[in-house]
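Trainee: this one's structure only:
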């Protein structure tokens, strides 16, 4: 049932290399998001380092995981799926748009949060770019 051959089929060298690439993509996206978030929290804006870091890393995670869908389930050929990365990116942008809409506030004739919403959306785009390999 559980033998070295079974484990070796799930953790072959290409799968381990892919996991390392995914890990560094996520760490890189987190670092970039934290840098943007630090600047925004330094100036006392609504969203801070954690928000920007999570948005950037989550966008990269969704993108990079769907980009390596042929390595899911231990790279078994009969379980591999072919995903459409453009649909994943469209879903990320739509979801972040809803998050950004919650940041925008209107009080009378004053509207606040537009820059925070735009920077969250841009941070998501940075995460997507990291996730696809840029």
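Mentor: In hand now; what should we look at? No experiment lies behind these values; they were computed from the predicted model shown. Residues are numbered from 1 along each chain as shown.

Trainee: Quick one: list the elements packing against the helix or strand residue 5 falls within.
Mentor: Remark: residue 5 resides in helix 4-10, with elements defined by DSSP states H and E. On a contact count with 3 or more CB pairs under 8 Å, 6 or more residues apart in numbering; DSSP states H and E, helix 4-10 meets helix 72-75. Where you see a C-beta, it was placed from the backbone N, CA and C, and this is true even at glycine.

Trainee: What average pLDDT does the next helix or strand after the helix it packs on get?
Mentor: Following helix 72-75 in sequence order, the next helix or strand is helix 85-101 (DSSP H and E). The average pLDDT within helix 85-101 is 92.

Trainee: quick one: buried residues of helix 85-101?
Mentor: Residues of helix 85-101 classed as buried: 85, 88, 89, 92, 96, 100 (neighbour count, 16 or more other CB atoms under 10 Å).

Trainee: Then stretch 23-33?
Mentor: For stretch 23-33, a neighbour-count test (16+ other CB under 10 Å) marks 25, 26, 28, 29, 30, 32, 33 as buried.

Trainee: Show only the entries of those found in helices.
Mentor: When DSSP state H is applied, these are split such that 25, 26, 28, 29, 30, 32, 33 fall in helices.

Trainee: I'd like to know which of those residues is nearest to residue 66.
Mentor: residue 25 (12.3 Å; CB to CB).

Trainee: That closest one: what's it in contact with?
Mentor: 60, 64, 130, 131, 133 (CB atoms under 8 Å, 6 or more residues apart in numbering).

Trainee: Nearest residue to it in space, ignoring adjacent ones along the chain?
Mentor: residue 64 (4.8 Å; CB to CB, 6 or more residues apart in numbering).

Trainee: and the one you found, how many neighbours?
Mentor: By other CB atoms under 10 Å, 24 other residues sit near residue 64.
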